[in-house]
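Undergrad: just to be clear, the model below is a prediction. Sequence and coordinates:
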Amino acid sequence: MVYTVTINPALDYHMEVAAPVFGEINRSTGETVYPGGKGLNVSIVLTRLGVENVATGFAGGFIGEAIVHSAQAMGVRCDFVPVDKESRINVKLHSRPETAFNSAGPRLTDADLDRLLAKLAPIGPEDYLVLSGNVPEEHADWYARILTQLASTGCCVVVDAMGDTLWDCLPFRPYLVKPNISELGALYDFPDPSLEEAVSMAGQLRREGAQNVLVSMGAEGAFLLTEGDQLLSAGAVLGPVVSTVGAGDALAAGFLAGSLFCGHKTNALAMGVAAGCAAVRVSHLPQKQDIMSLLSKIEVTGG
Ligand SMILES: Nc1ncnc2c1ncn2[C@@H]1O[C@H](COP(=O)(O)OP(=O)(O)OP(=O)(O)O)[C@@H](O)[C@H]1O
Ligand SMILES: [Mg+2]
């Protein structure tokens, strides 16, 4: 079973406003609502790929209910900790340039974390735990606290987070970390690394504790440095880009699905990159057929 954790999920309210003007009433020409949050995105893509999973985290008030209902309507099994404050709505303006207003979300307490830890208690050595997205500053240590509780279970941990949140997870030897190339550079105070420099930083991340490092590079595809120090790379399939939001989450979900289905890193990387490429072609997240139709076009080199 795969468990995804979304600490601060959102109802993403997308509005078509071609040329918004501050200080005026801006009328949108269309609206769409999606459940948002990186862990939930991973759950949606895993579900579409047929991987059994549970989305957990915190959801509160009528917005929290709407997040859970809309995820369930997509077939996602949800088991969120109810909190007594409202979850957040993020407003995404489809304008030029693209503009987003992301809310802070509810203040959570240590008692809320304890309730989440109770939901994670059944996790065992066969299970995967996906910690995705950054946590509010006041809870910067929550991923490490979750991993402290689960350290003895032997479960496979996937972390997609930046900066200190990621650093703090490394001593727990996560199975996979998935920075994009600029997040990887930022970890080492090294902006805009070349591919060679990124590979060397991925090696450093492995020495710091990560077992496998999957580095996404947008339109350049992704590379994987494996636990056996094998370097595998896959280029992206280029095409029309509708929205890059969630591409990294689709990559992580595709990779996990690929490794669960066949246990082979080459196929996992191909499935991940296919899912990322499929994600940018659609307004939200890709369906299974979107991913499968690109899979045969992904070439993995190295190893
Ligand atoms: N412009 C693009 N064209 C084709 N594929 C793309 C493009 N951008 C991203 N992808 C695909 O999506 C994957 C993940 O992209 P990216 O590196 O942008 O992730 P990210 O920055 O973590 O995204 P997120 O915003 O979801 O966190 C890439 O490895 C690639 O497969
Ligand atoms: Mg990302």
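TA: The structure has been received and is ready for your questions. Ligands and ions are numbered 1, 2, ... in the order given.
Undergrad: OK, contacts around the spatially closest residue to Arg173 that is not a sequence neighbour?
TA: Excluding the flanking residues, the one nearest Arg173 by Cβ to Cβ, 6 or more residues apart in numbering is Gly209, at 5.0 Å. Every C-beta, even on glycine, is put in place using the N, C-alpha and C of the backbone. Contacts for Gly209 (Cβ atoms under 8 Å, 6 or more residues apart in numbering) come out as 169-174.
Undergrad: most neighbours, which of these?
TA: Pro174 (24 neighbours; other Cβ atoms under 10 Å).
Undergrad: what's across from the nearest residue to that residue once chain neighbours are set aside in the sheet?
TA: Residue nearest to Pro174 in three dimensions, not counting chain neighbours: Val157, with 4.2 Å by Cβ to Cβ, 6+ apart. According to DSSP bridges, the residues that bridge with Val157 are Leu129.
Undergrad: and stretch 7-25, what's its mean pLDDT?
TA: Average pLDDT, stretch 7-25: 95.
Undergrad: now do the buried residues in it.
TA: 7-15, 17 (16 or more other Cβ atoms under 10 Å).
Undergrad: what's the closest of those residues to ligand 1?
TA: Asp12 (12.8 Å; Cβ to the nearest ligand atom).
Undergrad: quick one: the closest one is in a strand?
TA: Yes: counting by DSSP: H, G, I helix; E, B strand; the rest coil, Asp12 is found in a strand.
Undergrad: how far away is it from Gly37?
TA: Noted for Asp12: a distance of 9 Å to Gly37, by Cβ to Cβ, to the nearest Å.
Undergrad: and what of Ser233?
TA: Note on Ser233: its distance to Gly37, by Cβ to Cβ, is 29 Å.
Undergrad: the two - which one has more neighbours?
TA: A count of neighbours by other Cβ under 10 Å puts Gly37 above the other of Ser233 and Gly37, at 29 against 20.
Undergrad: now do that one against ligand 1, distance only.
TA: Distance, Gly37 to ligand 1, using Cβ to the nearest ligand atom, to the nearest Å: 11 Å.
Undergrad: shouldn't that residue be in contact with Ala10?
TA: Yes: Gly37 is within contact range of Ala10, at 5.8 Å (criterion: Cβ atoms under 8 Å).
Undergrad: joint contacts of these two?
TA: Contact with both Gly37 and Ala10 is made by residues Ile67, according to Cβ under 8 Å, 6+ apart.
Undergrad: tell me which parts of the stretch 201-303 of the chain are close to ligand 1?
TA: 216-219, 221-222, 236, 238, 241, 244-249, 251, 273, 276-277, 279-280 (Cβ under 6 Å from any ligand atom).
Undergrad: 5 Å instead?
TA: 216, 218-219, 222, 236, 241, 247-249, 251, 273, 276-277, 280 (Cβ under 5 Å from any ligand atom).
Undergrad: tell me the least confident of those?
TA: Ranked by pLDDT, those bottom out at Val241, which has 93.
Undergrad: host element of it?
TA: Assigned by DSSP states H and E, Val241 falls within no helix or strand.
Undergrad: farthest pair in the buried residues of stretch 7-25?
TA: Maximum pairwise distance in those, criterion Cβ to Cβ, is 29.2 Å, between Ile7 and Val17.
Undergrad: what number of residues lie near Asp189?
TA: Using other Cβ under 10 Å, Asp189 is surrounded by 6 other residues.
Undergrad: so who does Tyr83 touch?
TA: Just so we're on the same page, residue 83 is Val rather than Tyr. By Cβ under 8 Å, 6+ apart, Val83 lies in contact with 58-60, 64, 106, 108, 112.
Undergrad: and it, backbone torsions?
TA: Note on Val83: backbone dihedrals following degrees, to the nearest 10 are phi -120, psi 160.
Undergrad: tell me which residues touch the nearest residue to it once chain neighbours are set aside, please.
TA: Ranked by Cβ to Cβ, 6+ apart and with sequence neighbours excluded, the top spatial neighbour of Val83 is Gly60, at 3.9 Å. Gly60 makes contact with 82-87, 106, according to Cβ under 8 Å, 6+ apart.
Undergrad: many thanks, have a good one.
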